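In: have a look; sequence and predicted model below, questions after that.
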Amino acid sequence: MPTAPLSDLLAPPPPLPGGASLFLDFDGTLIEIADRPDEVAVPQGLADLLFAMAARLHGRLALVSGRSIAQIDTLFGRSMHGLAISGSHGCEFRWEDQLVHPPRPVEELEHAARKFDDFAFGHPGTLVEIKTYGVALHYRADPACAPYAQRLAEHLATESGLVVENGKMVVELRFGGGDKGTAVRNLMGCAPMVGGTPVYLGDDLTDETAFAAVNALGGLSVLVGPARATNAQCNLAGPAAVLAWLARTAA
Ligand SMILES: O=P(O)(O)OC[C@H]1O[C@H](O[C@H]2O[C@H](CO)[C@@H](O)[C@H](O)[C@H]2O)[C@H](O)[C@@H](O)[C@@H]1O
């Protein structure tokens with residue numbers, strides 16, 4: 001469990017260390033949280049900034065998202081090929097011309113989607129998001145649904161073998177082949193990341209495994225957003241502060 005005192009989180013991160021391998025979460029870190037998953041606005045120039053940073057870091061930059069790689073491409077409105085991406089909470093990887101992903105557990109996901117749809121029908125403040133390796137039940141518009149959504153997800157997990165992933169105003173049932181911590185460790189084992197100092201920026205509970213992995217590797221972990229109990233070492237206020245920090249670093 002996260003143990004750092006909240007006061008320790010007030011320190012902003014130092015400039016990116018030389019030889020950094022930079023890992024960036026997406027929602028809530030690079031882009032502002034929106035009411036619905038499909039309502040997010042990707043700032044103009046973000047793709048170019050990421051490609052410029054990746055070039056400056058000699059390829060040592062990766063997106064690490066709970067979204068699928070397909071969703072990331074769609075939201076950017078272009079293929080993000082050329083940038084390393086781990087999607088679906090560490091289940092899938094795309095790097096240069098390689099795509100590594102497990103078989104999709106179709107029946108389990110379809111069953112979960114049907115059950116979540118039934119729930120959403122009776123709870124209009126919730127919505128279902130179909131993902132490549134998961135099905136998410138969002139309750140941002142009616143947070144009082146959280147315990148019921150959670151209980152349903154836990155019940156479905158026991159009968160399906162899918163795992164429960166909790167995030168901001170969402171519970172997801174997903175393929176359990178990894179998490180963001182394993183994503184960071186896997187990427188750090190490959191050229192050109194290997195030997196670099198891992199630096200990870202993320203905002204959500206799902207980023208805690210990555211913070212822990214980075215800390216264990218002697219790197220720098222940065223919580224984005226309001227201070228809370230966390231494994232992260234430093235803090236940036238939100239996506240605007242992240243983009244400013246990246247732009248300073250890229251200069
Ligand atoms: O790992 P990330 O890249 O941060 O993705 C995490 C989840 O992000 C999305 O949900 C979150 O953002 C939505 C849009 O701002 C917001 O409406 C929702 O409440 C948040 O939980 C996405 O929909 C999920 O699939 C990702 O796992």
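Out: Perfect, I can see it now.
In: spell out which parts of the stretch 51-200 of the chain neighbour the ligand.
Out: Residues of the stretch 51-200 of the chain lying close to the ligand by CB under 6 Å from any ligand atom are S65, G66, R67, E129, K131, A136, H138, R140, G167, K168, M169, V170. Every residue, glycine included, has its C-beta placed from N, CA and C.
In: looking at those residues, which are in strands?
Out: Secondary structure from DSSP state E places E129, A136, H138, G167, V170 of these in strands.
In: just give me the closest of those residues to F211.
Out: Using CB to CB, G167 comes nearest to F211 of these, at 14.8 Å.
In: could you pull up the residues touching that closest one?
Out: G167 sits next to G66, A136, D204, L205, T206 when contact means CB atoms under 8 Å, 6 or more residues apart in numbering.
In: swap in 6 Å and give it another go.
Out: Contact analysis of G167 by CB atoms under 6 Å, 6 or more residues apart in numbering lists D204, T206.
In: pLDDT wise, what is it at?
Out: Looking at G167, its pLDDT reads 97.
In: and what of G18?
Out: pLDDT, G18: 88.
In: how much space between it and the ligand?
Out: To the ligand, G18 is 27 Å away according to CB to the nearest ligand atom, to the nearest Å.
In: for that residue, which three-state class applies?
Out: State at G18, reduced to three classes by DSSP: H, G, I helix; E, B strand; the rest coil: coil.
In: how many residues are close by it?
Out: For G18, the count of nearby residues is 7 (other CB atoms under 10 Å).
In: what about it, distance to R60?
Out: 11 Å (CB to CB, to the nearest Å).
In: and the ones in strands among the residues of the stretch 51-200 of the chain next to the ligand, which is closest to A227?
Out: For those, the minimum distance to A227 (CB to CB) is 18.2 Å, reached by G167.
In: so what's A120 up against?
Out: So A120 contacts T126, L127, V128 (CB under 6 Å, 6+ apart).
In: run through who's touching whichever strand or helix holds E172.
Out: Here E172 sits within strand 170-174, counting by DSSP states H and E. Outside strand 170-174, the residues that touch it by CB under 6 Å, 6+ apart are 112, 133-138, 149-150, 153, 156, 162, 165.
In: what average pLDDT does it get?
Out: The model assigns strand 170-174 a mean pLDDT of 98.
In: the closest residue to the ligand within the chain and G45: what is the separation?
Out: Taking CB to the nearest ligand atom as the measure, the point where the chain comes nearest the ligand is G66, at 2.7 Å. To G45, G66 is 24 Å away according to CB to CB.
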